[in-house]
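A predicted structure for the sequence below; I have some questions about it.
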Amino acid sequence: MPVRTARLAAGIAAAGGGEHIAYTCPPGRTAIVKDVRVASPAGANSRAVVFLLSGPARPAIYDQPLGLNQTAVVSGFIVLEPGDQLRLFPFDFELQYWISGAELEGLAP
């Protein structure tokens, strides 16, 4: 069966709410994240941080200001194991996000 990419998560992370869990890799699966898009719907200058949470590791994959009507795009393949998370931290305004990729049966070697 061919692997197709799909939307893994979409939503809004509220400003001032601290860290927002955007996506968690489900048990028994390996997720391949292809694309993460983040925008400020208020159309105002903001700052977005997108990072991974895998055990004690918390690497940032995006940490930049967002200008007026700007969408941040993180492209490239990120492999997540069961329980790994993509999280957002909105600073000044809420952030809309869209995450696409694929979930595969089983665990990556």
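In hand now; what should we look at?

from now on I want contacts and neighbour counts done on CA atoms only, so please keep to that.
OK.

which regions of the protein sit below the pLDDT cut-off?
Low-confidence segments of the chain, defined by pLDDT under 70, are located at 1-3, 42-44, 108-109.

which residue is nearest the centroid of it?
Taking C-alpha atoms, centre = their mean as the criterion, L86 is the residue nearest the geometric centre of the chain, at 4.5 Å.

contacts only, for S54.
G83, D84, Q85 (C-alpha atoms under 8 Å, 6 or more residues apart in numbering).

the first one: neighbouring residues, count only.
Residue crowding around G83 was assessed by other C-alpha atoms under 10 Å; the count is 16.

sec struct for it, please.
When the structure is split into helix, strand and coil by DSSP: H, G, I helix; E, B strand; the rest coil, G83 lands in coil.

for R4, see how far away it is.
With the distance defined as C-alpha to C-alpha, to the nearest Å, G83 ends up 22 Å from R4.

try A10
A10 sits 18 Å away from R4, going by C-alpha to C-alpha.

quick one: which of the two has more around it?
Remark: of A10 and R4, A10 carries more neighbours, 16 against 9, as counted by other C-alpha under 10 Å.

can you report how many residues lie near the closest residue in space to the more buried one that isn't next to it in sequence?
Ranked by C-alpha to C-alpha, 6 or more residues apart in numbering and with sequence neighbours excluded, the top spatial neighbour of A10 is W98, at 4.4 Å. By the criterion of other C-alpha under 10 Å, W98 has 17 neighbours.

likewise for S46?
Each residue near S46 was counted by other C-alpha under 10 Å, and the total is 21.

from R37, how far out is the closest residue to it other than its chain neighbours?
Among residues not flanking S46 along the chain, L66 sits closest, at 5.0 Å (C-alpha to C-alpha, 6+ apart). Using C-alpha to C-alpha, one gets 12 Å for the distance from L66 to R37.
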